[in-house]
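**Student:** Test case, fold it:
(one chain, ligands or ions: 1)
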Amino acid sequence: MQRHVAILGAGPVGLDAALACADAGWPFTVYEAGGTTAAHVRTWGHVRLFTPWDLNVSHRMRRHLPNAPAGDDCPTGAELADRLLDPIAALPVLEGRVRLRTRVAALARTGLLKHEQIGTGVRAAAPFTLLLDTPGDPARAEETAEAGLVLDCTGTYSHPNPLGAGGIPAPGERALDHRITRTIPPTGDPDRWAGTVLLVGAGKSAQTAADALARLPGTRLEWVVRGPSPDWGAVPGDTLPGRRRLVDTSRALADGSCDRVTVHTGAHVRALSSDGDRIRADLATGHGPREIVCDHIVALTGYSGDASLHRQLQIHECYATAAPMNLSAALLGSAGGDCLAQPSTGIEILRTPEPHFFVLGAKSYGRLNTFLLRAGYQQVDEIAGAYAPQSRTPGRARAVP
Ligand SMILES: Cc1cc2nc3c(=O)[nH]c(=O)nc-3n(C[C@H](O)[C@H](O)[C@H](O)COP(=O)(O)OP(=O)(O)OC[C@H]3O[C@@H](n4cnc5c(N)ncnc54)[C@H](O)[C@@H]3O)c2cc1C
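**Tutor:** Residues are numbered from 1 along each chain as shown. Have a look, this model is predicted:
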């Protein structure tokens, strides 16, 4: 008899994996920590994606939801959640399958410790035990569940990186954590951001925040960027207008296009401390030390997946990116920084030493920030193909254990 498939996370990739399970007739459950589907996407709901609907809707989603949005328009995160992901979660084929407010706190191979039965059939045959936190439900509070195949689609957005040099907290950062915004801030209420904002980071999230904050007349922006001469992730001949525009705006801000914005390149935050109601930041910059007293700090220095989830499993993580090793090597070996040009990976690349456990979606890219939904949907195709009884890869076909 087939065992359960456990899908961790009801983001876009987790929901696409759920449709794949439904199509294959496998028993499955999606465990979602948030109170809604797409909880991470909703956190940045005010941000417009730079990929259009046609790239954000998988072929499975389109088949199950024929009236799903299509075309070249780029949705906001909220539109993606409201117009695509919520309707997908409400489909009859997923009825009763998505458990909200259910965080997977840990998982293990039932009865086996991390170092036991390395590479043996015993390990492959043992089910997984999941420890579930259900804080909204005191009757259950903590419980366990079993699965034969686990797809970790938990994303990265709830685990922001510290802002200090080298990726560790700057002195004072932990004490002031409650004063630091670590998601792209909505700027609909300009008064909320009045005064001086210290922004740290140079990726697309930081560029999006800089673009929005620079438009607020009551805001002075001090933007701390690590690279001495950032290229802002420019892609030659970029076909995505939204991404191109962000690069152009960042360049212009660095060139002094707005007198309320200073871009400190080749800089990092050495320490933070309270200064009454304000915060003092000691910077090291290419032009020597600088002290900035600010009212708000926005740290957008990237996100990394929760590795503690698979601590008890045999996962070979890349020492540089923290992505599963095979996938990381493939991504690092692929040319160029354009996420649209990422290669299709193949099931072998997705495998980890732990049989029947896969990291999919944004988390599978570890520290690499080139993940696109399209790549996540391809990963789901790989899983569906490898476990389908009619797999096109002879000798590799297998039912869910
Ligand atoms: C601001 C921003 C803009 C982006 N723009 C684009 C774009 O234009 N185009 C594009 O293709 N990609 C874009 N991305 C990248 C990527 O596509 C998104 O991050 C996307 O949401 C990743 O989907 P996912 O399903 O892998 O993970 P997520 O959407 O992060 O979903 C993970 C889910 O898992 C849940 N979860 C977390 N931990 C647990 C746990 N322990 N137990 C149970 N549930 C858990 C979360 O609550 C969440 O709902 C963007 C990302 C960001 C942050």
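**Student:** hmm, stretch 317-336 in reach of the ligand?
**Tutor:** No. Residues of stretch 317-336 are not located near the ligand by CB under 6 Å from any ligand atom, the shortest gap being 12.6 Å. Just so you know, the C-beta spots here come from the backbone N, C-alpha and C atoms, and that holds for glycine as well.
**Student:** Over to stretch 241-260?
**Tutor:** No. With CB under 6 Å from any ligand atom as the criterion, the ligand is not reached by stretch 241-260; the gap is at least 7.3 Å.
**Student:** just stretch 124-142 next, same as before
**Tutor:** No. Using CB under 6 Å from any ligand atom, stretch 124-142 stays clear of the ligand, with a minimum separation of 8.2 Å.
**Student:** Now do that stretch: distance to the chain's middle.
**Tutor:** Computed by CA atoms, centre = their mean, to the nearest Å, the chain-centroid distance of stretch 124-142 equals 23 Å.
**Student:** who touches residue 217 in this structure?
**Tutor:** Residues in contact with residue 217 (CB atoms under 8 Å, 6 or more residues apart in numbering) are 190, 260.
**Student:** For it, give me phi and psi.
**Tutor:** phi -60, psi -30 (degrees, to the nearest 10).
**Student:** State the number of residues packed around the residue in the stretch 151-300 of the chain that the ligand sits nearest to.
**Tutor:** Of all residues in the stretch 151-300 of the chain, the one sitting closest to the ligand is residue 155 (2.1 Å; CB to the nearest ligand atom). Residues lying near residue 155 (other CB atoms under 10 Å) number 27.
**Student:** you'd agree it is in a helix?
**Tutor:** No. In this structure, residue 155 is coil, not part of a helix, as judged by DSSP: H, G, I helix; E, B strand; the rest coil.
**Student:** Quick check, it in contact with residue 361.
**Tutor:** Yes. Here residue 155 lies in contact with residue 361, judged by CB atoms under 8 Å, at a distance of 6.1 Å.
**Student:** List the residues that are in contact with both of these two.
**Tutor:** 9, 11, 13.
**Student:** Kindly reformat these as JSON lines containing secondary structure and neighbour count.
**Tutor:** As requested, these are exported to JSON lines (DSSP: H, G, I helix; E, B strand; the rest coil; neighbours: other CB atoms under 10 Å):
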{"residue": "9", "secondary structure": "coil", "neighbour count": "29"}
{"residue": "11", "secondary structure": "coil", "neighbour count": "29"}
{"residue": "13", "secondary structure": "helix", "neighbour count": "27"}
